[in-house]
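1. Got a predicted structure here, sequence first:
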2 protein chains.
Amino acid sequence: MTQRSAVKRLMLSGCAALALGVAAPASADTDYSQYRDTFEPLPALPPIPADNSMTKEKIELGKMLFFEPRISSSGVISCATCHNPALGFTDRIPRAVGHDGQVGERNSPTVLNSGFFEAQFWDGREDDLEGQALGPIQDVVEMAMPLEAAIARLEEFDLYQEKFAAAYPDYDGDNVINTDHVAKALATFQRTLNTPNSPLDRWLVGDEDAMNEQQKRGMALFVDNGCAACHRGPALTDSHFYRIQVPGSEDLGRYVVTGEDSDRFAFKTPTLRNVALTYPYFNNGATATLAESIQVMGQEMLGQDFSEEEIADIEAFMHALTGEMPKFDIPALP
Amino acid sequence: MTQRSAVKRLMLSGCAALALGVAAPASADTDYSQYRDTFEPLPALPPIPADNSMTKEKIELGKMLFFEPRISSSGVISCATCHNPALGFTDRIPRAVGHDGQVGERNSPTVLNSGFFEAQFWDGREDDLEGQALGPIQDVVEMAMPLEAAIARLEEFDLYQEKFAAAYPDYDGDNVINTDHVAKALATFQRTLNTPNSPLDRWLVGDEDAMNEQQKRGMALFVDNGCAACHRGPALTDSHFYRIQVPGSEDLGRYVVTGEDSDRFAFKTPTLRNVALTYPYFNNGATATLAESIQVMGQEMLGQDFSEEEIADIEAFMHALTGEMPKFDIPALP
């Protein structure tokens, strides 16, 4: 099911450069231990910013806000609508559907492990989760709620007055319910949404049987063909931006943020953790399957046509990146 | 905050008839034991239909379907959107917001304890949860998905093929994913969403301190003024229909179902279990507070102006109807 003809080729230097050293095919008794150094097991927690300590009270408040639909203009859209816990904290549709059924320009990224990203949104217009948190609330095609209205709505509830006061006990200003505190609480909750102990993680710490032979072959292909040049670090993303234009996309990507010509059609490397759960793929949800996406990435970013067998092996490895979902009770909102 | 002048008085016989015997004011040493006979503790489970046995597999499947947004036309609206577990399985807005942001005519009723209702929807157009389940999927202002399209969508997923087969092991037809099975699974899951052990329930089985004195005074007023004539049985509803037209409502109610003139503006008695969590109130969400709703009910249904103190006492009793929320993990959808 190739869409190759429709794909506009925009080769880049950084990522593809490492694709040149192609290894010999692996056999059943291959020693894969050399590949351990390429990856990092997912830590239990991402880095916590110095000015937003992770407290139980802030996590609890952030969880409430994450599920709170009344900070949307319609009253029925919350963060959890597009970042749905039942759907890998994404929505599994090509492009996000928000206020009044409007369809956005981009695919909803998963929130899982997003505390490990060094840039937020597909175009990296925010550096951290605190910066990201307030965007979708205000966006007219998402929750479509002016921040002042969202704050006013929260202020109506005694329970939020209590929970904000508990989360920010040292605050001595007038209005403890404010946008800074909303952003910090949402970011704090999201930093708890990590997925440790995937088959890859277990293999990395020594469990030889955590991945099967096909997954290990896929891992070798992934490294040897240069995929790991960009999909690296604990969340399997370098949080950098690369030019790629997938079928159906006219989105200028990071260019909208920087105005630099070199950023036209450039998007952040997406995390590959839990990628089997976060379909469809790419900035506009252009592809529905892992196999198709692997093929597109081979052609577009590596200048390479993977064989069906190679694609199947890499796909098997992608399934080894699914970790344990975070567990929590649904909050009781006021 | 009376809206009395705007309220069209539509007195009825059944419910108001019992409002005549008004008791003497209760004092701190009042014996309330006589009121025990008026109420029934909530059973652990509602009646289970003979043709839809409650199995673990059916509950699990029903939970998945309840959270499944891809059986909506937009792909983002599920049963849990308007019957939100974080909001007492309702949406806490006056009238439901559905497909493309359309606002429906009626307030979303809670799903909690709905297995105890003998009529479903505000107008009772279905008798049971099996009949109710398919309505909102198809309704053009709710999920707006033709049933054939919903079934076709579910059939795409191997996991649903497995889960339907497991839930209906004796089925020997061709398509185990069908509307009858969707309805039965959703109804089965909903029959688990009950809220036992409210203060009233604990008091009914002998715990004298489960309700405070004000709540007991409110209970006495509730019974002595005839509220319990209609708000009776385990879910505090008789599942019958009464004429009432609250501010802002032109809704013909049950008349739309029966065509009987006597059913104009008639609506089902809503459950009072968890009523403190299921604001706003009435068929169109006309009132936001319990106090206002109690006042309207006194005037409209009982022909009576409750004093502020009486309203406060009845409101306190309403809080004694909040039970333990059902606990479950958010399902992992395919």
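-> Sure, I can see it. Since the structure is predicted, the reported quantities are computational estimates derived from the model, not experimental observations. Residues are numbered from 1 along each chain as shown, chains lettered A, B, ... in the order given.

2. From residue A:128, how far off is the residue nearest the centre of chain A?
-> Residue closest to the mean C-alpha point of chain A, counted by CA atoms, centre = their mean, is residue A:110 at 4.1 Å. To residue A:128, residue A:110 is 17 Å away according to CB to CB, to the nearest Å. Any C-beta I mention is one placed from the backbone N, CA and C, and that applies to glycine too.

3. and if you look at residue A:334?
-> For residue A:334, the distance to residue A:128 - CB to CB - is 28 Å.

4. Residue A:225 too?
-> 31 Å.

5. Which of those two has more residues huddled nearby?
-> Neighbour count, other CB atoms under 10 Å in any protein chain shown: between residue A:225 and residue A:128, residue A:225 has more, with 24 against 18.

6. Might one say that that one is in contact with residue A:303?
-> No. Under the criterion of CB atoms under 8 Å, residue A:225 is not in contact with residue A:303, lying 10.4 Å apart.

7. on that earlier part again, isn't the residue nearest to the centre of chain A right next to residue A:276, touching?
-> No. Using CB under 8 Å, residue A:110 is not in contact with residue A:276; the gap is 11.4 Å.

8. Get me the contact residues on the stretch 1-150 of chain A for chain B.
-> Within reach of chain B by CB under 8 Å from any CB of the partner chain, the stretch 1-150 of chain A has these residues: A:67-70, A:74-76, A:81-82, A:84-87, A:91-93, A:97, A:99-101.

9. re the thing from before, contacts only, for the residue nearest to the centre of chain A.
-> Going by CB atoms under 8 Å, 6 or more residues apart in numbering or on different chains, residue A:110 touches A:83, A:88-90, A:271, A:274, A:277-278.

10. so it sits in a strand?
-> No. Under DSSP: H, G, I helix; E, B strand; the rest coil, residue A:110 sits outside any strand and is assigned coil.

11. Do you know the pLDDT at it?
-> If you check residue A:110, the pLDDT there is 98.

12. so where do the strands sit in the stretch 101-250 of chain A?
-> A:241-243 (DSSP state E, counting those that start in this stretch).

13. Give the residue spans of it that score low on pLDDT.
-> Across the stretch 101-250 of chain A, not a single residue meets the criterion (pLDDT under 70).

14. Find the nearest non-adjacent residue to residue A:147, please.
-> residue A:179 (5.2 Å; CB to CB, 6 or more residues apart in numbering or on different chains).

15. State the distance from the one you found to chain B.
-> Counting by CB to the nearest CB, to the nearest Å, the gap from residue A:179 to chain B is 22 Å.

16. wait, doesn't that residue sit right on residue A:149?
-> No. Contact criterion CB under 8 Å: residue A:179 and residue A:149 do not qualify, at 11.5 Å.

17. What is the neighbour count of residue A:209?
-> Residue A:209: 8 surrounding residues under other CB under 10 Å.

18. now swap in residue A:179 and tell me
-> 16.

19. What residues does it make contact with?
-> A:134, A:147, A:151.

20. Would you agree the last one is in contact with residue A:181?
-> Meaning residue A:151. No. Here residue A:151 does not reach residue A:181: they are 9.4 Å apart, not a contact under CB under 8 Å.

21. Name the nearest residue to residue A:289, sequence neighbours excluded.
-> residue A:279 (7.0 Å).

22. Pretty sure that neighbour sits against residue A:288.
-> Yes. Under the criterion of CB under 8 Å, residue A:279 makes contact with residue A:288 at 5.9 Å.

23. Counting neighbours, go ahead and name the busier of those two.
-> More neighbours surround residue A:279 than the other of residue A:279 and residue A:288, with 20 against 14 (other CB under 10 Å).

24. And that one, how far from residue A:298?
-> Residue A:279 is 18 Å from residue A:298, by CB to CB.

25. Equivalent analysis for residue A:250, please.
-> Applying CB to CB to residue A:250 and residue A:298 gives a distance of 23 Å.

26. and residue A:132, what does it touch?
-> A:114, A:120-121, A:126, A:187.

27. filter the residues of the stretch 1-150 of chain A next to chain B to the buried ones?
-> Neighbour-count burial (16 or more other CB atoms under 10 Å in any protein chain shown) is assigned, among the residues of the stretch 1-150 of chain A next to chain B, to A:67-70, A:74-76, A:81-82, A:84-87, A:91-93, A:97, A:99-101.

28. Return the subset of those residues lying in helices.
-> Using DSSP state H, the members of those that fall within helices are A:81-82.

29. The residue nearest to residue A:272 when sequence neighbours are not counted and residue B:210: what is the separation?
-> Residue nearest to residue A:272 in three dimensions, not counting chain neighbours: residue A:236, with 4.0 Å by CB to CB, 6+ apart. Distance of residue A:236 to residue B:210, given as CB to CB: 53 Å.

30. just the helices in the stretch 151-300 of chain A please.
-> Taking DSSP state H, counting those that start in this stretch to define them, one finds helices in the stretch 151-300 of chain A at A:158-167, A:179-190, A:199-204, A:213-224, A:255-258, A:290-302.

31. Please produce JSON lines containing those, extended by distance to residue A:327.
-> As requested, the helices of the stretch 151-300 of chain A are exported to JSON lines (distance: least, CB to CB, whole Å):
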{"stretch": "helix A:158-167", "distance to residue A:327": "21"}
{"stretch": "helix A:179-190", "distance to residue A:327": "14"}
{"stretch": "helix A:199-204", "distance to residue A:327": "17"}
{"stretch": "helix A:213-224", "distance to residue A:327": "25"}
{"stretch": "helix A:255-258", "distance to residue A:327": "35"}
{"stretch": "helix A:290-302", "distance to residue A:327": "26"}
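
32. among those, which is nearest residue B:325?
-> helix A:158-167 (15.0 Å; CB to CB).

33. what about the closest one and chain B, any contact?
-> No. Judged by CB under 8 Å from any CB, helix A:158-167 stays clear of chain B, getting no closer than 11.9 Å.

34. Which strands and helices lie in contact with that helix?
-> helix A:56-66, helix A:147-155, helix A:179-190 (3 or more CB pairs under 8 Å, 6 or more residues apart in numbering or on different chains; DSSP states H and E).

35. Out of the contacts of residue A:110, who's the most crowded?
-> Going by other CB under 10 Å, residue A:89 tops the contacts of residue A:110 with 27 neighbours.

36. Apart from its chain neighbours, what residue comes closest to whichever residue of the stretch 101-250 of chain A sits closest to chain B?
-> For the stretch 101-250 of chain A, the residue closest to chain B is residue A:101, as judged by CB to the nearest CB, at 3.4 Å. Distances taken as CB to CB, 6+ apart place residue B:100 nearest to residue A:101, at 3.4 Å, with adjacent residues excluded.

37. Verify the stated contact: the one you found with residue B:76.
-> No. Assessed by CB under 8 Å, residue B:100 is found out of contact with residue B:76, at 10.9 Å.

38. Run through the residues that contact residue A:53.
-> Residue A:53 touches nothing, counting by CB under 8 Å, 6+ apart.

39. ok, now with 10 Å
-> Applying CB atoms under 10 Å, 6 or more residues apart in numbering or on different chains, we find residue A:53 in contact with A:184, A:188.

40. picking up where we left off before, overlap in contacts of residue B:100 and residue B:76?
-> Contacts common to residue B:100 and residue B:76, judged by CB under 10 Å, 6+ apart, are A:97, A:101.
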